[in-house]
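Undergrad: need a 3D model of the sequence below.
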Amino acid sequence: MTKDILVQYCDLKEEIKDIRRRIATKEREIAKIEEEGEVVDFVKGGYGGTQRYKISGFPYPEYSRKKTILCLYKAQLENAELDLLTMTNDVEEYIQSLTDSRIRRILRFRFIDGLRWFQVAQRMGGMASEDSVKKEFQRFSASN
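TA: Okay, the predicted model is just below:
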């Protein structure tokens, strides 16, 4: 196992956020269609296009399409969350396999907890700064 799993782990967490955003958007669109209910439009026709006709009804094709896409997004989210659970275990195993305790702490704070570099430095305590923990990570990345 390599440090590449850390990159994949971060990407998968971002993908899950994106899928959740898409689900929320579709749910709002569906709620709007349900709230508005019947749609009305006017068209011209007959007698050389001089007569005006009112057409109304529920937009079933659009509603059905949005509901189908919502189901697809929910299935994608479920699969991604299962992948994330498995990957979390892999990341934890990888981090625990490292011999340097300080690097293990930095990696956990940064990747598992999702902290920013300055927050990682605060958690590390002592004389740690944002730049110092970032540099330690870069050295670790370059050596592995």
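
Undergrad: can you name every helix or strand that the one helix or strand in the chain whose mean pLDDT sits lowest contacts?
TA: Least confident element among the helices and strands of the chain, by mean pLDDT, DSSP states H and E: strand 39-45 (a mean of 82). The contact analysis (3 or more CB pairs under 8 Å, 6 or more residues apart in numbering; DSSP states H and E) places strand 39-45 against strand 51-57. Bear in mind the C-beta positions are built from the backbone N, C-alpha and C, glycine included.

Undergrad: mean confidence score for the strand it packs on?
TA: Averaged across strand 51-57, the pLDDT comes to 84.

Undergrad: pull up the pairing partners for it, direction included.
TA: strand 39-45 (antiparallel) (DSSP bridges).

Undergrad: show me which residues of the lengthiest helix in the chain are buried.
TA: Longest helix in the chain by number of residues (criterion: DSSP state H): helix 60-97. For helix 60-97, the neighbour count (16 or more other CB atoms under 10 Å) marks 66, 70, 73, 76, 77, 80, 84, 87, 91, 94, 95 as buried.

Undergrad: give me every residue that touches the residue nearest to the spatial centre of the chain.
TA: When CA atoms, centre = their mean is applied to the chain, the residue found nearest the centroid is residue 17 (2.0 Å). By CB atoms under 8 Å, 6 or more residues apart in numbering, no residues touch residue 17.

Undergrad: so where does it fall, helix or strand?
TA: helix 4-36 (DSSP states H and E).

Undergrad: report the inter-axis angle for that helix versus helix 60-97.
TA: Orientation of helix 4-36 against helix 60-97 (axes from the mean of the first three to the mean of the last three CA atoms, to 10 degrees) gives an angle of 160 degrees.

Undergrad: which parts of helix 4-36 are buried?
TA: Across helix 4-36, burial judged by 16+ other CB under 10 Å covers 5-6, 9, 12-13, 16, 19, 22-23, 26, 29-30, 33.

Undergrad: what do you get for stretch 135-144?
TA: By neighbour count with 16+ other CB under 10 Å, stretch 135-144 contains the buried residues 136, 137, 140.

Undergrad: report the separation between the nearest residue to the second one once chain neighbours are set aside and residue 115.
TA: Setting aside the residues directly before and after it, residue 137 is nearest to residue 106 in space (CB to CB, 6 or more residues apart in numbering), at 5.8 Å. Separation of residue 106 from residue 115 (CB to CB, to the nearest Å) stands at 10 Å.
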